[in-house]
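Asks: all I have is the shape, not the residue letters:
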């Protein structure tokens, strides 16, 4: 069905309004775009004031300003003293620049004009041939005069370097490849200033970026999001894509983020994604692209984040970043992808950092790193001590394989403090740091990731197992050692392996082995489980994820394999109705028998360790055939390649 096109124009005495193929110019008229109406202009649209309450645009429909012939760009301009009121469900599309020259563009707050009392609407930057400019002059001091409601960045320039919207002064211009070509008109009346992009509801990245560094301004402004919802900034998918190599930039990470400052309104105990990064073109540091970070605050305030590609110098700290541990200090090497500046503020327009507690955690997505392994896995984990089996000199026979550590940088050193609270990761892709009492724990607001490849941290594995038992699923987890600062454990269950729900809480009991029965389960349904370990510092450590399923009614013989895919450890869970022989056979993709093992088992549920058997087979896809009492069960088994 073709959309209805209707423009209702109210022209007062002395007002002037005309249209031509490349320009829509309103000099002191009331333009009323009704709901469902479309205004399509091949060129720019400009609204100017011409006296009290003149030069008004009421938009309840759709306005499209597209690039036209004769060099006209699809600009949208609001002159000094003019008014543009965007109403709910309205849209403004522009392929050129957005200029608000001390006028009023009201999209948020309350504004009663021409019978309309609500505000909203979407402004979309969908340029296809060149970068786009946002130039807003603040003359009134009222943020309602320039705060957008919903903003969509959908610049589809085929040249990736020029696919962005930038904050700059009016008249500035950029070539299609992003090259700055003109300084613009940066002199403005006394008492006015160029301001940031304020977003009242949502900021959605479809294609393109926002650059907060204006070449003509010579300074950095910000993108400020007032909506405290975690999904107020939309990038799909949110997390940066993991590239094939730790040292490469995935194509998906070259687009859809803020190059510069992003400030968000945050609430306590919610993880907020900050899609920030550096320029996507060229070699590092300009070629880092999206370098995302998540911040979970401990209290409500505003958080401003930017990515800084400055590479940090190595530093020395006590081993395992635990003051008082024996041994000489070791060298720690920060990853050379840069760092994040994370600062708290009490208000959206505050210029001095505030002092809230926390943050609860900072999660860093490290991309394009050249001074670590190409896979991001710990190099030679657990072998640097030279002891038999790679055991640790302080933690006895416990392996040391947590090589990546998040830290809050200090002015003159690394300082991995808070003390006795040093989380490690065996892979450098996603690194979390918790336990901060303040944002500038060590005197700065910079956060980064360090690799402790010559003194990796001790592992603190929580090994979870799940097996059907009667009408319930029995869960068992082991912790070794259970540290003094542990508070307890939370059990989570899922039916898809993605969305988990808490089902139980278990306080610390000084054990190395804990058990729980999940009786709220149904037969023939796959259940996934994991355990969260909580300590007094606010840290959370996760167990492995396991799955289990109750057999169907009348089913006498069931088998399950976990985990699958198999890396180094694997268990076969078997339920038998009576004592008898059972056979396990493994066939490769060509149907050749590669492993066979026979068992004699009593009635009941058994956990058979297959780690020794499967360590002898190469990575690949297999069929595991389990036979008992004339019945056969077949399981698809995947052996993962540890080297990848």
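Replies: Thanks, I have it. Everything quoted here is computed from the prediction, not taken from an experiment.

Asks: got a list of what the most centrally placed residue in the chain touches?
Replies: With distances taken as CA atoms, centre = their mean, residue 239 lies nearest the centre of the chain, 3.9 Å away. Residues in contact with residue 239 (CB atoms under 8 Å, 6 or more residues apart in numbering) are 273, 292, 365, 430. Where C-beta positions appear, they are placed from N, C-alpha and C, glycine not excepted.

Asks: which one is the last one nearest to, not counting chain neighbours?
Replies: The shortest distance from residue 430 to any residue that is not its chain neighbour, by CB to CB, 6 or more residues apart in numbering, is 5.9 Å, and that residue is residue 365.

Asks: next one: the longest strand along the chain to chain centre, how far?
Replies: Looking across the chain with DSSP state E, the single longest strand is strand 197-207. Offset of strand 197-207 from its chain centre (CA atoms, centre = their mean, to the nearest Å): 16 Å.

Asks: listing partners with orientation, what would you give for it?
Replies: strand 148-154 (parallel), strand 222-225 (parallel), strand 233-235 (parallel) (DSSP bridges).

Asks: got the contact list for it?
Replies: Residues contacting strand 197-207 (CB under 8 Å, 6+ apart): 107-108, 120, 134, 136, 143, 146-156, 163, 167, 210, 212, 221-227, 231-235, 255-257, 275, 348.

Asks: give me the sheet partners of the following helix or strand past it and which way each runs.
Replies: Downstream of strand 197-207, the first helix or strand assigned by DSSP states H and E is strand 209-211. Using DSSP bridges, the strands paired with strand 209-211 are strand 164-167 (parallel), strand 258-259 (parallel).

Asks: dump these to CSV, plus mean neighbour count, mean pLDDT and distance to residue 560.
Replies: As requested, the strands paired with strand 209-211 are exported to CSV (neighbours: other CB atoms under 10 Å; pLDDT from 0 to 100; distance: least, CB to CB, whole Å):
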stretch, mean neighbour count, mean pLDDT, distance to residue 560
strand 164-167, 26, 95, 51
strand 258-259, 25, 96, 46
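
Asks: make a markdown table from these and add distance to residue 195 to it.
Replies: Output for the strands paired with strand 209-211, formatted as a markdown table (distance: least, CB to CB, whole Å):
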| stretch | distance to residue 195 |
| --- | --- |
| strand 164-167 | 8 |
| strand 258-259 | 16 |
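
Asks: looking at the ones you listed, which is closest to residue 188?
Replies: Nearest to residue 188, of all the strands paired with strand 209-211, is strand 164-167, at 14.3 Å by CB to CB.

Asks: quick one: list the elements packing against the helix or strand that that closest one is followed by.
Replies: Next along the chain after strand 164-167, taking DSSP H and E as the criterion, comes strand 172-174. Where contact means 3 or more CB pairs under 8 Å, 6 or more residues apart in numbering; DSSP states H and E, strand 172-174 is packed against strand 132-138, strand 180-183.

Asks: who's in contact with strand 172-174?
Replies: If you take CB under 8 Å, 6+ apart as the criterion, strand 172-174 is touched by 130-131, 133, 135, 162, 166, 180-184, 186, 214-216.

Asks: direction included, what does that strand pair up with?
Replies: Applying DSSP bridges, one finds strand 172-174 paired with strand 180-183 (antiparallel).

Asks: what comes up buried for the strand it pairs with?
Replies: residue 180 (16 or more other CB atoms under 10 Å).

Asks: figure out how far it is from the centre of its chain.
Replies: That offset, for strand 180-183, works out to 33 Å (CA atoms, centre = their mean).

Asks: pick the most buried one from the strands paired with strand 197-207.
Replies: strand 222-225 (a mean of 24; mean count of other CB atoms under 10 Å).

Asks: I'd assumed residue 307 was in contact with residue 279.
Replies: No. Between residue 279 and residue 307 there is no contact under CB atoms under 8 Å: 10.5 Å.

Asks: neighbour count winner among the two?
Replies: A direct count of neighbours by other CB atoms under 10 Å for residue 279 and residue 307 places residue 307 higher, at 28 against 19.

Asks: so what pLDDT did the more buried one get?
Replies: What the model reports for residue 307 is a pLDDT of 94.

Asks: list the helices and strands the helix or strand where it lies packs on?
Replies: Here residue 307 is covered by strand 301-308, with elements defined by DSSP H and E. On a contact count with 3+ CB pairs under 8 Å, 6+ apart, strand 301-308 meets strand 261-266, strand 272-274, strand 293-296, strand 339-345.

Asks: if we use 10 Å, what do you get?
Replies: strand 222-225, strand 258-259, strand 261-266, strand 272-274, strand 293-296, strand 339-345, strand 446-451 (3 or more CB pairs under 10 Å, 6 or more residues apart in numbering; DSSP states H and E).

Asks: list just the one of these that sits closest to residue 23.
Replies: Among the helices and strands packed on strand 301-308, strand 222-225 sits nearest to residue 23 (CB to CB), with 30.1 Å.

Asks: same question for the closest one, mean pLDDT?
Replies: 98.

Asks: one more: stretch 266-280?
Replies: 92.

Asks: check stretch 106-120 too.
Replies: 90.

Asks: buried set for stretch 83-102?
Replies: 83-87, 90-102.

Asks: partners of residue 172 in the sheet?
Replies: The partner residues for residue 172, given DSSP bridges, come to residue 183.

Asks: check residue 113 too.
Replies: The residues that residue 113 bridges to, once DSSP bridges is applied, are residue 116.

Asks: that one contacts residue 59, doesn't it?
Replies: No. Using CB atoms under 10 Å, residue 113 is not in contact with residue 59; the gap is 11.6 Å.

Asks: who has more neighbours out of the two?
Replies: residue 59 (24 against 15).

Asks: before we move on, back to that, the inter-axis angle of the strand holding residue 307 versus strand 339-345?
Replies: Strand 301-308 runs at 160 degrees relative to strand 339-345, counting by axes from the mean of the first three to the mean of the last three CA atoms, to 10 degrees.

Asks: partner strands of the helix or strand following strand 301-308 and their direction?
Replies: Elements were assigned by DSSP H and E; along the chain past strand 301-308, the next helix or strand is strand 315-317. Strands that pair with strand 315-317, judged by DSSP bridges, come out as strand 330-334 (antiparallel).

Asks: buried stuff in the partner strand?
Replies: 330, 332-334.

Asks: where does the stretch 51-200 of the chain dip in pLDDT?
Replies: Scanning the stretch 51-200 of the chain for pLDDT under 70 picks out the ranges 52-53.

Asks: check what pLDDT residue 228 gets.
Replies: pLDDT, residue 228: 96.

Asks: can you check residue 436 too?
Replies: 81.

Asks: what do you get for the one 10 residues further on?
Replies: Model confidence at residue 446, given as pLDDT, is 92.
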